[in-house]
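Undergrad: let me see the structure of the following:
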Amino acid sequence: MKLFFQILAEFGLPVAAALIMGFFIYLIIKYILESVVGQVKTMHAIITMLDNRVKTMNHDMIKLDLLISHSLNLKPDEDRISRADGKNDARRD
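TA: As a prediction, this is how the structure comes out:
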């Protein structure tokens, strides 16, 4: 508080008011950015979960395709199988 009164006495009221306004602007920007960062983290988590679901569905579709091809005595789609070969299954079971 002593520093504030020294600045007020030395530079005057306009400079002190500008410093106070700058501090409040800093607080407002900090609050807004924290909110935005929180929302971005939430969206990132949702996108990651959706990506895992897509990967799981892709593996399930390939598995069903192989089972149906085998049961109907058809040749399985080797291109589709080879594209998925080496990719990790995203299921948590």
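
Undergrad: for this protein, name the helix or strand with the lowest mean pLDDT.
TA: In the chain, the helix or strand scored least confidently by mean pLDDT, DSSP states H and E is helix 78-84, which has a mean of 75.

Undergrad: and that helix, how far out from the chain middle?
TA: Centroid separation for helix 78-84 versus its chain: 30 Å, with Cα atoms, centre = their mean, to the nearest Å.

Undergrad: cool, stretch 51-66 as well?
TA: Mean-position distance between stretch 51-66 and its chain equals 23 Å (Cα atoms, centre = their mean).

Undergrad: what's the answer for stretch 62-69, then?
TA: A distance of 34 Å separates the centroid of the chain from that of stretch 62-69, by Cα atoms, centre = their mean.

Undergrad: middle-most residue in this structure, spatially?
TA: Residue closest to the average C-alpha location in the chain (Cα atoms, centre = their mean): H44, at 1.8 Å.

Undergrad: can you show me the helices along the protein?
TA: Under the criterion DSSP state H, the chain contains helices at 2-11, 13-71, 78-84.

Undergrad: what pLDDT, on average, does the first one get?
TA: Per-residue confidence for helix 2-11 averages out to 81 on the pLDDT scale.

Undergrad: tell me which strands and helices it is in contact with?
TA: Identification of packing neighbours for helix 2-11 by 3 or more Cβ pairs under 8 Å, 6 or more residues apart in numbering; DSSP states H and E yields helix 13-71. C-betas here are computed from N, CA, C, even on glycine.

Undergrad: which secondary structure elements does the helix it packs on sit against?
TA: Using 3+ Cβ pairs under 8 Å, 6+ apart as the contact test, the elements touching helix 13-71 are helix 2-11, helix 78-84.

Undergrad: ok, which of those comes nearest L50?
TA: In terms of Cβ to Cβ, the element of the helices and strands packed on helix 13-71 nearest to L50 is helix 78-84, at 18.5 Å.
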